[in-house]
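Peer 1: Everything below, folded, please.
(one chain, ligands or ions: 1)
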Amino acid sequence: MPRLVVVSNRVPLPSERGAKAGGLAIALADALQPGSVWFGWSGRRSVRGSATTHIQRSDGITYATIDLTEADYHSFYVNFSNGALWPLLHFRLGLLDFKSEDYDGYRSVNRQFAASLLPLLRPDDVIWVHDYHMIPMAAELRAVGVTNKIGFFLHTPFVPPSIFNALPRSAELLNALCAYDVVGFHTRTYCTAFLDCVAENLGVHADKDGRFVIRGHSVRAIVDPIGINADEFSKRAVEAARGSDARLLRESLGKGGLAIGVDRLDYSKGLINRFEAIGRFFANYPQHRREVSFLQIAARSREESGSYARLRRELDRIVGDTNGRYSEFDWTPLRYMTRAVKRDTLAGFFRLSRLALVTPLRDGMNLVAKEYVAAQDANDPGVLILSRFAGAAEEMSEALIVNPYDSDEIAEAMHIGLSMDLEERQERWRSLHKKVSVNTAERFCSVFLKLLAHPETHPERPSLRAIS
Ligand code: ADQ
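Peer 2: Modelled structure (predicted):
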């Protein structure tokens with residue numbers, strides 16, 4: 001078996017795992033066998049930047065990291081990755097802030113990553129690069145002579161040419177993506193958007209299996225939706241629902257029920273629209289007041305960016321307004337905390353919740369939707385309200401699918417969810433649970449790695465059937 005080398009912007013070092021266990025670390029747990037290497041940024045900024053590679057070993061896995069200089073951190077991470085690519089890939093052109101010096105910094109950091117990884121590589125290593133920060137990584141590795149198989153998985157959506165082309169230098173990035181052997185996406189829609197960009201901008205057309213040849217190099221675009229380890233999450237939820245955090249939450253609710261939202265505090269997650277919908281819900285359906293409280297757990301993220309600071313201020317305002325309007329002295333309609341919560345605690349809270357609101361304006365996949373389903377009690381499952389613009393909606397059609405921009409529709413879905421009889425809840429949940437249990441994190445990794453080893457083969461049919 002060839003050795004697996006994972007590359008991502010941040011490396012979740014074993015020494016710093018806590019409440020915020022990264023989604024990627026959990027998703028790749030099965031693929032990372034003893035002997036594997038995980039390479040990327042240490043999360044530290046230092047004067048020497050990438051000059052030294054730091055090595056840590058844990059459970060047979062090598063974690064190799066480099067620092068970034070302050071200037072590289074800003075141009076590569078804050079400005080280009082999160083200030084230009086992230087809004088672009090989430091259809092938010094109004095927030096796109098492009099500066100050519102930031103783009104140069106982005107390319108330079110990818111070049112530094114390639115230079116630092118090169119001495120660690122062996123000829124038969126398989127390299128799996130993750131996410132939008134690292135699009136040019138394969139092109140940089142190829143430029144220094146690396147001929148290994150290199151795959152890329154994009155965790156965000158991909159956008160059609162009409163949006164993608166708004167990014168200055170977009171053709172360079174698209175060409176860089178074509179230096180990979182396999183490029184993976186969560187959904188058919190994103191994969192098609194990528195192939196449309198390749199056809200329109202580079203004049204190259206793919207076959208029906210997503211294969212194309214460009215400058216003599218074969219590329220395969222694939223659909224490989226990420227999943228979770230549903231059985232493990234379900235066990236956690238059963239345990240945690242009996243634990244002290246869940247008990248305290250239950251006691252604080254009195255006779256009322258719980259509806260929940262769990263997200264990073266990010267403008268793509270649709271929190272403003274969601275909070276507005278909660279106000280509409282209590283206004284339009286006063287019979288549910290006191291019957292339910294909504295708890296939003298939002299982990300602060302990317303606080304150095306102005307658009308995130310503005311989002312926080314706006315959310316603070318809406319929460320104050322909604323609670324001022326609808327609270328009773330012994331009932332709070334909207335509970336809001338801007339912190340990460342331990343995974344076990346979350347699992348227990350999901351199990352207690354009669355409703356989950358997963359209403360991003362755009363989302364590559366959204367793992368919270370899958371975790372909520374996995375956490376439910378089969379005898380009395382809660383109802384998932386899911387944005388049609390989350391990648392998860394392509395699989396999870398038995399959720400109550402809503403337009404996240406339509407507060408009235410979300411409010412109505414909350415009413416329908418809370419009024420739904422047990423039989424319908426169970427029926428919807430059984431279908432959702434089947435999909436979540438089949439399309440696991442392990443399957444996600446094994447499909448990708450098999451196709452990377454043999455890009456000419458067909459993807460695994462059974463898992464794709466389950467997506468329907
Ligand atoms: P994210 O945008 O981070 O990921 P998501 O898929 O929801 O979004 O995954 C977040 C993970 O963090 C989940 O496991 C969730 O439980 C956890 N989490 C979120 N908020 C938390 C909080 N307040 N406290 C504790 N844990 C919290 C990106 C893409 C997604 C894609 C994933 C995986 O944006 O679309 O689904 O990668 O590919």
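Peer 1: so which helix or strand takes in the residue in the stretch 51-200 of the chain that the ligand sits nearest to?
Peer 2: Residue nearest to the ligand within the stretch 51-200 of the chain (Cβ to the nearest ligand atom): His155, separated by 3.6 Å. Where C-beta positions appear, they are placed from N, C-alpha and C, glycine not excepted. Assigned by DSSP states H and E, His155 falls within no helix or strand.
Peer 1: show me the contacts for it.
Peer 2: Neighbouring residues of His155 by Cβ atoms under 8 Å, 6 or more residues apart in numbering: Leu24, His130, Asp131, Tyr132, His186, Ile226, Gly364, Met365.
Peer 1: Can you say which of these are buried?
Peer 2: Leu24, His130, Asp131, Tyr132, His186, Ile226, Gly364, Met365 (16 or more other Cβ atoms under 10 Å).
Peer 1: Keep those, but drop any that are not near the ligand.
Peer 2: The subset of these within reach of the ligand, counting by Cβ under 6 Å from any ligand atom, consists of Ile226, Gly364, Met365.
Peer 1: can you tell me which of the contacts of His155 are in helices?
Peer 2: Within the contacts of His155, residues falling in helices by DSSP state H are Leu24.
Peer 1: tell me the least confident of the contacts of His155?
Peer 2: Lowest pLDDT among these: Leu24, with 83.
Peer 1: Report the contact partners of that one.
Peer 2: Leu24 makes contacts with Ser8, Pro12, His130, His155, as judged by Cβ under 8 Å, 6+ apart.
Peer 1: starting at the chain centroid, how far to the lengthiest helix in the chain?
Peer 2: Longest helix in the chain, counting residues (DSSP H): helix 306-326. In terms of Cα atoms, centre = their mean, to the nearest Å, the centre of helix 306-326 is found 24 Å from the chain centre.
Peer 1: Next one: Ile318 from the ligand, what distance?
Peer 2: Taking Cβ to the nearest ligand atom, to the nearest Å as the measure, Ile318 falls 18 Å from the ligand.
Peer 1: ah, wrong one, I meant Leu253
Peer 2: Look at Leu253 and the ligand: by Cβ to the nearest ligand atom, they are 19 Å apart.
Peer 1: wait, that residue sits on Phe294?
Peer 2: No. Shown here, Leu253 and Phe294 do not form a contact pair, counting by Cβ atoms under 8 Å, at 11.2 Å.
Peer 1: Who has more neighbours out of these two?
Peer 2: Shown here are Leu253 and Phe294; by other Cβ atoms under 10 Å, Phe294 has more neighbours (24 against 17).
Peer 1: my read is that one is in a strand, agree?
Peer 2: Yes. Under DSSP: H, G, I helix; E, B strand; the rest coil, Phe294 sits within a strand.
Peer 1: Make TSV out of the contacts of Leu24 and add distance to Leu315.
Peer 2: Listed next are these as TSV, based on distance: Cβ to Cβ, whole Å:
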residue	distance to Leu315
Ser8	29
Pro12	27
His130	29
His155	24
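Peer 1: out of those residues, what pair is the most spread apart?
Peer 2: Pro12 and His155 (14.2 Å; Cβ to Cβ).
Peer 1: ok, and for the helix or strand encompassing Phe448, which residues are buried?
Peer 2: Here Phe448 sits within helix 441-453, counting by DSSP H and E. For helix 441-453, the neighbour count (16+ other Cβ under 10 Å) marks Ala441, Glu442, Arg443, Phe444, Cys445, Ser446, Val447, Phe448, Leu449, Leu451, Leu452 as buried.
Peer 1: Any idea how far stretch 380-390 is from the middle of the chain?
Peer 2: 16 Å.
Peer 1: Alpha carbons only: can I get that stretch in CSV?
Peer 2: This file holds the C-alpha atoms of stretch 380-390, laid out as CSV (Å, rounded to 0.1, in the frame of the first residue of the first chain):
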residue,chain,number,x,y,z
ASP,A,380,-39.1,9.7,18.8
PRO,A,381,-36.9,11.4,16.2
GLY,A,382,-36.7,15.2,15.8
VAL,A,383,-37.2,17.0,12.5
LEU,A,384,-34.5,18.4,10.3
ILE,A,385,-35.1,21.7,8.5
LEU,A,386,-32.5,22.0,5.7
SER,A,387,-31.5,24.7,3.3
ARG,A,388,-31.8,23.7,-0.4
PHE,A,389,-28.4,25.4,-0.8
ALA,A,390,-26.5,23.1,1.5
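Peer 1: Could you report the pLDDT at Thr345?
Peer 2: 97.
Peer 1: That one: helix or strand, and which one exactly?
Peer 2: helix 343-352.
Peer 1: do the same with Ile410
Peer 2: Counting by DSSP H and E, Ile410 is found in helix 407-419.
Peer 1: Show the average pLDDT along that helix.
Peer 2: 98.
Peer 1: repeat for stretch 251-264
Peer 2: In this model, stretch 251-264 has an average pLDDT of 95.
Peer 1: can you check stretch 62-73 too?
Peer 2: Mean predicted confidence for stretch 62-73 is 97.
Peer 1: Contacts made by the helix holding Phe448 with the rest, please.
Peer 2: With Cβ under 8 Å, 6+ apart, helix 441-453 has contacts from 2, 4, 26-31, 126, 128, 149, 151, 153, 181-182, 184, 220, 222, 224-229, 457, 459-460, 463.
Peer 1: repeat that for 6 Å
Peer 2: Defining contact as Cβ atoms under 6 Å, 6 or more residues apart in numbering, one finds that helix 441-453 is touched by 27, 30-31, 126, 149, 151, 182, 184, 222, 224, 226-229, 460, 463.
Peer 1: Stretch 323-341 now?
Peer 2: Stretch 323-341 is contacted from outside by 19-20, 265, 278, 282, 290, 294-300, 319, 322, using Cβ under 6 Å, 6+ apart.
Peer 1: hmm, which two among these are most spread apart?
Peer 2: By the measure Cβ to Cβ, Lys20 and Arg290 form the most distant pair in the contacts of stretch 323-341, at 33.7 Å.
Peer 1: need the residues of the stretch 151-300 of the chain near the ligand, please.
Peer 2: His155, Thr156, Ile226, Val262, Asp263, Arg264, Ile297, Ala298, Ala299.
Peer 1: possible to save those as TSV with distance to Trp86?
Peer 2: Compiled in TSV, those are given as follows (distance: Cβ to Cβ, whole Å):
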residue	distance to Trp86
His155	11
Thr156	7
Ile226	18
Val262	20
Asp263	15
Arg264	11
Ile297	21
Ala298	17
Ala299	16
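Peer 1: Tell me the residues on the stretch 1-150 of the chain that lie near the ligand, please.
Peer 2: For the stretch 1-150 of the chain, the contact set with the ligand under Cβ under 6 Å from any ligand atom comprises Gly23.
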